[in-house]
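Participant: Have a look at this prediction, sequence included:
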Amino acid sequence: MTAVGERAPEFGLPILAGGFRSLPDLVEPGGGVLVFFKTECATSELVVPRLAPLARALEAEERLFLAVAQDDPATARAFARAHGIAFPLATEAAPYAVSSAYGVATVPTLFVIDGAGVVAERVEGFVKSEYLALGPALERALALGDVPPVLERPDELPGVKPG
């Protein structure tokens, strides 16, 4: 399991919009966020689309927010359309080599990776208070001026939803 304080594993994944993204794409502008999910997971379906404010805030700061679907491209594309997702989506097929390298056992799992390529924060499943507490970690790890919003309409979300 890749823990907080450890170097993030290297990866290279295809993006639905075309091309590939890798760890240097996440690290070089000063860090970013990587979130693993599965389209058939009810917790992923609840949480991942609501991360759009964080994705927009990071894009405005020229940082990468990358969601990695543990699905085939057609399934991930349908999920993105159904939920109006505009942020970059990568896909990976079984046996999920990148997810395994990061020690993902529960989806969604979110990683904040700093500009040195070190995991600054890790959140597994969905505990609303953990997501809402990400602001200061994001600000520190990514050297952001303001704490970006993390979730869309958090008041509509349950306190906990297992992944």
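Facilitator: Received, thanks. Numbers count the residues shown, from 1 in each chain.

Participant: Identify the spatial nearest neighbour of the residue minimising distance to the centre of the chain, chain neighbours not counted.
Facilitator: Centroid check for the chain by CA atoms, centre = their mean gives residue 35 as the closest residue, at 2.1 Å. Among residues not flanking residue 35 along the chain, residue 110 sits closest, at 4.4 Å (CB to CB, 6 or more residues apart in numbering). C-beta coordinates here come from the backbone N, C-alpha and C atoms, glycine included.

Participant: was I right about that neighbour contacting residue 33?
Facilitator: Yes - at 6.5 Å, residue 110 counts as touching residue 33 under the criterion of CB atoms under 8 Å.

Participant: which stretches of this protein form strands?
Facilitator: Listed in chain order, the strands of the chain (DSSP state E) span 12-14, 20-22, 31-37, 64-69, 89-91, 109-114, 119-124, 126-127, 160-161.

Participant: Go through those strands and pick out the most buried.
Facilitator: Stretch with highest mean neighbour count among those: strand 31-37 (a mean of 26; mean count of other CB atoms under 10 Å).

Participant: Return the mean pLDDT over that one, rounded to an integer.
Facilitator: Averaging pLDDT along strand 31-37 yields 97.

Participant: What of stretch 72-84?
Facilitator: pLDDT averaged over stretch 72-84 gives 97.

Participant: how about it: buried residues?
Facilitator: By neighbour count with 16 or more other CB atoms under 10 Å, stretch 72-84 contains the buried residues 76-77, 79-80.

Participant: Dump the strands of the chain to CSV, plus distance to residue 57.
Facilitator: Output for the strands of the chain, formatted as CSV (distance: least, CB to CB, whole Å):
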stretch, distance to residue 57
strand 12-14, 22
strand 20-22, 18
strand 31-37, 10
strand 64-69, 9
strand 89-91, 18
strand 109-114, 13
strand 119-124, 15
strand 126-127, 20
strand 160-161, 23
